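Asks: Here is the input, now give the coordinates:
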Amino acid sequence: MNFDPQIPDWGKSFSDSKLEQLLSYHNWLKTTGIKTGLISPKSEQFIWDEFIVHSLYFYKVIIDLNTTLSKVYDLGTGAGIPGIPVGIVSPEHVQLIDIKQTRIYELERFLNTNKQLNISALKTDAELLIQKEDNSIFLMRCYIPKDQLIDKLKKNMYTNKNSVFILSSKSDSQDLKRDLFHVKQEKFLINQDEYRFIDVITVK
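Replies: Down below sits the predicted model:
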């Protein structure tokens, strides 16, 4: 494997034995993923940095939460990012959620071919799913911007008790209504000189 950087040291314990599966997913993204329009044309290095390593940071956040929650949903999953890498390295079941059936078909083909038994794909409205599921972990890489999620929580549009939202962010969290929910932010070096933020919002 010629990608630089490699998976960070903190990921070795849960990814070393799964490296072949992660590379298989990487290969699927750069071929089928691009061909079917699940992702736009990207370099192999970009796919590795942004879609594989970045997804593993989501799993690191889950581990650091030390939570008993076992229901994990990847909302607006698209090409299975970050849900598939998380499911590959995780013993928990991960459900990929998307509203487009064509995406679900492609994801199911990949999961069946690669025998990813703890990952499933479901066509459904993520908004409706959020409203009915409590005690869950919701991964949101591109589904909804942080500010919109915060606004929905403030207005009690999402009333999930004991749930955790883990989502990508481009900036520091500021001016958050902490009496409604707890927010923390993780900052990660995604490659040699670029940082990414992941917000963790716990509904009280």
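
Asks: which residues touch the residue nearest the centre of the chain?
Replies: Of all residues in the chain, the one closest to the mean position by Cα atoms, centre = their mean is Pro82, 3.0 Å from it. For Pro82, the contacting residues are Phe51, His54, Ser55, Leu56, Phe58, Tyr59, Asp74, Leu139, Arg141, by Cβ atoms under 8 Å, 6 or more residues apart in numbering. Just so you know, the C-beta spots here come from the backbone N, C-alpha and C atoms, and that holds for glycine as well.

Asks: Recalculate using a threshold of 7 Å.
Replies: Each residue near Pro82 by Cβ atoms under 7 Å, 6 or more residues apart in numbering is listed here: His54, Ser55, Phe58, Asp74, Leu139, Arg141.

Asks: Apply the buried test to the residues you listed and list what passes.
Replies: Buried subset of the contacts of Pro82 (neighbour count, 16 or more other Cβ atoms under 10 Å): His54, Ser55, Phe58, Asp74, Leu139, Arg141.

Asks: Cross these against helices and list the overlap.
Replies: Among these, the ones falling in helices (DSSP state H) are His54, Ser55, Phe58.

Asks: And the next helix or strand past the helix or strand of the chain with the lowest mean pLDDT?
Replies: Across the helices and strands of the chain, the lowest-confidence element by mean pLDDT, DSSP states H and E is strand 181-189, at a mean of 64. Once strand 181-189 ends, the next helix or strand along the chain (criterion: DSSP states H and E) is strand 195-203.
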